[in-house]
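Colleague: coords below, sequence missing:
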């Protein structure tokens, strides 16, 4: 097996298309198709079922895919290990973040990191928690910023602290007059939440269920920006992370702190402990820890 054949094989499996895979790995489609056929000839079985509108892995393909990814990850780690012999911190670094963290934290964090380490080439990926954790475990991401997730042998969490959650209400709403909001105040409210694929939505659901609150869910959106605009339009209220309020003007809305015990969410930095950790990855972890540490970032006021 040739390394480039495995790279093409993984690309086709992920894209479910020979043309999209060819564009992803920057090779002509006939050449990619030829290399896949050679790989199939070597293993003695077809790796893909060629359907009219897509391609899917065969049983043999499903058997090979994890090994192919492990091989490509090991090769990447080997290259990084050699690169570490250089005096300067350089090379490539893939960083991930969930959508309820990325727009509020990454611009400043990445800007400072690039200023301090200009020889590092960053790749930024934004995805929901499930996608981020899968990419970290698969070796596609070196480090990632996320909230709640399960720790596994291939997924390590480093706490960056805890962040308060705030109630968000329209300016003319009765709740807007309160100094502190009690969770019971939300009992009869219409709620606007993110889709359940977002961990913030799951956290809010657990928070409400713990108080036996079952408010009407008027919207399950995919972006916090949409939720905020709907709150401003007086369609309902929401619960949002404090960092959003800190970094973004919210016309037509009032953000309200909760009375103790204040609901919070975890902030974690993720990485795969079984993978080689480059100097660049270690430097980013230090920059992230500093960004969330008091007094530099009040959102992590309970950092461990």
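Modeller: Structure's in. What do you need? For clarity, every value in this text was computed on a predicted model and none was experimentally measured.

Colleague: and residue 15, what does it touch?
Modeller: 21, 24 (CB atoms under 8 Å, 6 or more residues apart in numbering). Yep, even glycine has a C-beta here, placed from its N, CA and C like the rest.

Colleague: list the buried residues in the helix or strand hosting residue 75.
Modeller: Residue 75 is part of helix 59-83, with elements assigned from DSSP states H and E. For helix 59-83, a neighbour-count test (16 or more other CB atoms under 10 Å) marks 61, 64, 65, 68, 69, 71, 72, 73, 76, 77, 80, 83 as buried.

Colleague: pick out the lowest-pLDDT one from these.
Modeller: For the buried residues of helix 59-83, the weakest pLDDT value sits at residue 83, with 71.

Colleague: please, where are all the helices along the stretch 201-304 of the chain?
Modeller: For the stretch 201-304 of the chain, the helices defined by DSSP state H, counting those that start in this stretch cover 224-232, 242-247, 279-292.

Colleague: run the angle between the strand ranked longest in the chain and helix 279-292 for me.
Modeller: Taking DSSP state E as the criterion, the chain has its longest strand at strand 156-170. Per axes from the mean of the first three to the mean of the last three CA atoms, to 10 degrees, the angle that strand 156-170 makes with helix 279-292 is 40 degrees.

Colleague: ok, strand 156-170: who's next to it in the sheet?
Modeller: strand 238-241 (antiparallel), strand 253-256 (antiparallel), strand 264-271 (antiparallel) (DSSP bridges).

Colleague: so which bits of the helix or strand that it is followed by are buried?
Modeller: Next helix or strand after strand 156-170 toward the C-terminus (DSSP H and E): strand 190-194. Within strand 190-194, the residues scored as buried using 16+ other CB under 10 Å are 191, 192, 193, 194.

Colleague: and the first one, what are its bridge partners?
Modeller: In this structure, residue 191 has beta-bridge partners residue 217, residue 237, where bridges are defined by DSSP bridges.

Colleague: wait, it sits on residue 237?
Modeller: Yes - if you go by CB atoms under 8 Å, residue 191 and residue 237 touch, sitting 6.5 Å apart.

Colleague: identify the residue nearest residue 42 in space, chain neighbours excluded?
Modeller: Once flanking residues are discounted, residue 42 sits nearest to residue 1: 6.3 Å by CB to CB, 6 or more residues apart in numbering.

Colleague: beta partners of residue 255?
Modeller: residue 168.

Colleague: what sits against it?
Modeller: 166, 167, 168, 240, 245.

Colleague: rewinding a little: for the buried residues of strand 190-194, which two are the farthest from each other?
Modeller: 191 and 194 (10.7 Å; CB to CB).

Colleague: tell me how many other residues crowd residue 228.
Modeller: As a burial measure, residue 228 scores 22 neighbours (other CB atoms under 10 Å).

Colleague: ok, the residue lying closest to it once chain neighbours are set aside to residue 150 distance?
Modeller: Closest residue in space to residue 228, ignoring its immediate chain neighbours: residue 250 at 5.6 Å, by CB to CB, 6+ apart. Going from residue 250 to residue 150 by CB to CB, to the nearest Å gives 32 Å.

Colleague: more neighbours, these two?
Modeller: Neighbours were counted for residue 250 and for residue 150 using other CB under 10 Å; residue 250 has more, 17 against 8.

Colleague: quick check: the gap between the more buried one and residue 65.
Modeller: Where residue 65 is concerned, residue 250 sits at a distance of 44 Å (CB to CB).

Colleague: who's in contact with the helix holding residue 75?
Modeller: By CB under 8 Å, 6+ apart, helix 59-83 touches 3, 6-7, 9-10, 13, 43, 45-48, 57, 90-91, 138-139, 275-276, 278.

Colleague: got it, and stretch 19-31?
Modeller: For stretch 19-31, using CB under 8 Å, 6+ apart, the contacting residues are 7, 8, 11, 12, 14, 15, 18, 32.

Colleague: on that earlier part again, surely the residue nearest to residue 228 touches residue 166?
Modeller: No - with contact defined as CB under 8 Å, residue 250 does not reach residue 166; the gap is 10.4 Å.

Colleague: circling back to that earlier point, give me the distance from the helix holding residue 75 to the chain's centre.
Modeller: Taking CA atoms, centre = their mean, to the nearest Å, the mean C-alpha location of helix 59-83 is offset from the chain mean by 22 Å.

Colleague: thanks a lot, see you next time.
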